[in-house]
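Engineer: compute the structure for the input listed below.
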Amino acid sequence: MNLPPLRDIHLPPEPGLWPPAPGWWVLIALALIVIVALARRALRAWRRRRRRRALLAEFDTALATARDAAEEAAALSSLLRRAARLRDPAAAALAGEAWLRFLDGDDPRRAFSQGVGRALLEAPFRPSAGDWPREALRALVRDRLLTLAEPGDA
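Structural biologist: Numbers count the residues shown, from 1 in each chain. From the prediction side, this is the model:
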């Protein structure tokens, strides 16, 4: 019995590196989406930190340049008004009690309309403006500036 000669085994060609398989395209697309989302988030955080630093620098400058309590209260009120306009342009038209209610926002303490924050309205026009708690007002204004610097609802 005569068998035919054996033939060599021919392997198929190795797959090339390009174009990649569909799974790699999906993986690349997902990676790009994640990278873009992280970059946008990092940019927003950087802008938010920059805005906070600028507001705090202005806050410190306002405190340092004020010669007396009345001038300090006026400077703090002006700084709050500028920060509020960035959040809500309609805040520029507010005055008096409406302005203090806007500054209160959702805070149940009502520290501006019923507490130490009233000094923003009264202190610049009182002859003895030094009788209000300056440190408490500074802390209150600083906290409100930081919340006004944040995106979203006041």
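Engineer: where does pLDDT dip in this structure?
Structural biologist: The chain contains residues with pLDDT under 70 at 127-130, 151-154.
Engineer: tell me what the lengthiest helix in the chain is packed against?
Structural biologist: Longest helix of the chain, by residue count under DSSP state H: helix 22-65. If you count contacts as 3 or more CB pairs under 8 Å, 6 or more residues apart in numbering; DSSP states H and E, helix 22-65 packs onto helix 69-87, helix 134-149. No exception for glycine: its C-beta is placed from N, CA and C like everyone else's.
Engineer: out of these, flag the one nearest Ala95.
Structural biologist: With CB to CB as the criterion, Ala95 lies closest to helix 69-87 of the helices and strands packed on helix 22-65, at 9.9 Å.
Engineer: report the buried residues of the next helix or strand after the closest one.
Structural biologist: Using DSSP states H and E, the helix or strand that follows helix 69-87 in sequence is helix 96-104. By neighbour count with 16 or more other CB atoms under 10 Å, helix 96-104 contains the buried residues 99-100, 102-104.
Engineer: so what does helix 96-104 touch, helix or strand wise?
Structural biologist: On a contact count with 3+ CB pairs under 8 Å, 6+ apart, helix 96-104 meets helix 69-87, helix 119-122.
Engineer: so what touches that helix?
Structural biologist: 80-81, 84, 88, 91, 94, 110-113, 117-118, 120-121, 144, 154 (CB atoms under 8 Å, 6 or more residues apart in numbering).
Engineer: among the residues you listed, which pair sits farthest apart?
Structural biologist: Asp88 and Arg118 (21.3 Å).
Engineer: more neighbours: those two, which one.
Structural biologist: Neighbours were counted for Asp88 and for Arg118 using other CB atoms under 10 Å; Arg118 has more, 16 against 13.
Engineer: next one: the more buried one from Trp99, what distance?
Structural biologist: 11 Å (CB to CB, to the nearest Å).
Engineer: over to Ala111?
Structural biologist: Note on Ala111: its distance to Trp99, by CB to CB, is 14 Å.
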